[in-house]
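# A structural model of the following input is requested.
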Amino acid sequence: MNIHRRWVMLFAACGGAAFASWLRRKNGNEKKAQTADLHDWENEGGNLEPSPEASDSRVTTGSA
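Below you'll find the model as predicted:
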């Protein structure tokens, strides 16, 4: 390999590492934002809907 090809390989490797780092940071920031939004929503009193299976089989206790 000549010196020009080595420089190109070095710059390509550095660019690929920088791009991978950027993608990882971007995905992490999006996940943190989504988690923060979920916590804010839950603190306002929001509840997730129960699954259809859970609402079909209700168990009552005591006398009616």
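
# Residue 33: neighbouring residues, count only.
Other residues near residue 33 come to 10 when the count uses other Cβ atoms under 10 Å. The way it works is simple: take the backbone N, C-alpha and C, and place the C-beta from them, glycine included.

# what's the answer for residue 26, then?
Residue 26 is flanked by 10 other residues according to other Cβ under 10 Å.

# from here on, count from 88
Got it, the first residue is 88 from now on, which makes the last one we talked about residue 113.

# Report the separation between it and residue 93.
Residue 113 sits 31 Å away from residue 93 when distances are taken as Cβ to Cβ, to the nearest Å.

# Residue 114 now?
32 Å.

# just for this protein, where's the confidence low?
Using pLDDT under 70 as the threshold, the predicted model of the chain has low-confidence ranges 132-151.

# Could you rerun that using 90?
For the chain, applying pLDDT under 90 flags the ranges 88, 90, 114-151.
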